[in-house]
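**Q** Quick one: sequence and predicted model below, then my questions.
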Amino acid sequence: MYRGKLVNWNDDKGFGFISAAELSSNTFIHISTLKHMSRSPKQGDYIHFEVERHEGKTRATNARIEGVAAKKFKTSKSTNKPGANKLVPVLVVGIMSVLLFNYLDFTEQVSNPRDIQQIPDTAVNTTPRQTFKCDGRQYCSQMRSREEAVFFIRNCPNTKMDGDNDGTPCESDSRF
């Protein structure tokens, strides 16, 4: 490792030359070899460096500025991933949006009493009555329950759930 004085430095171009007593000529140095330092080099700084030959010329490598600290690098895994700290708030906002949308959709369905109709109970009722609304759905694959399908074929136009016209919807649907 050599020690030399920075005799020439061009800050705009990011390079300069080091004069070392042990070397016969000045050695080229580029800013990239000092990128780990906490400040840019200045003319007159003492530089510790190694020399490598490239295309017949010498250049400094593994360099550091004497008396100047190296930059501290964070080693935390979460800070090494760009945007990692932004992901949590985005997820929270997304979840809150979905919940709010579902709540508003539910209150819209219940707020207009003219659209609410209930299925009459014909058996022992062990669950509360459900309310349904004609909303343009027509097929069995769009229904959540047999009761909903019955409501739709009885009360909503253009349904396509009772293929044999016997009043029982979704007869071949295994979900119900």
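**A** Right, received. Where do you want to start? The structure presented is a predicted model; accordingly, all values stated were derived computationally and were not measured. Numbering: from 1, shown residues only.
**Q** What is the subsequent helix or strand relative to the worst-scoring helix or strand of the chain on mean pLDDT?
**A** Least confident helix or strand of the chain, by mean pLDDT, DSSP states H and E, is helix 77-80 with a mean of 54. Scanning forward in sequence from helix 77-80 by DSSP states H and E, the next helix or strand is helix 84-111.
**Q** I'd like to know how far the residue nearest to E52 when sequence neighbours are not counted sits from I47.
**A** Among residues not flanking E52 along the chain, T61 sits closest, at 5.1 Å (CB to CB, 6 or more residues apart in numbering). C-beta here means a position set from N, CA and C on the backbone, and glycine is covered the same way. Distance, T61 to I47, using CB to CB, to the nearest Å: 11 Å.
**Q** Quickly find the element holding the residue sitting furthest away from the middle of the chain.
**A** Distance from the C-alpha centroid of the chain peaks at S24, with 55.0 Å (CA atoms, centre = their mean). For S24, there is no host helix or strand (DSSP H and E).
**Q** now the residue nearest to G14 when sequence neighbours are not counted: how far from C140?
**A** In space, and not counting its chain neighbours, G14 is closest to I31: 3.6 Å by CB to CB, 6+ apart. Counting by CB to CB, the gap from I31 to C140 is 70 Å.
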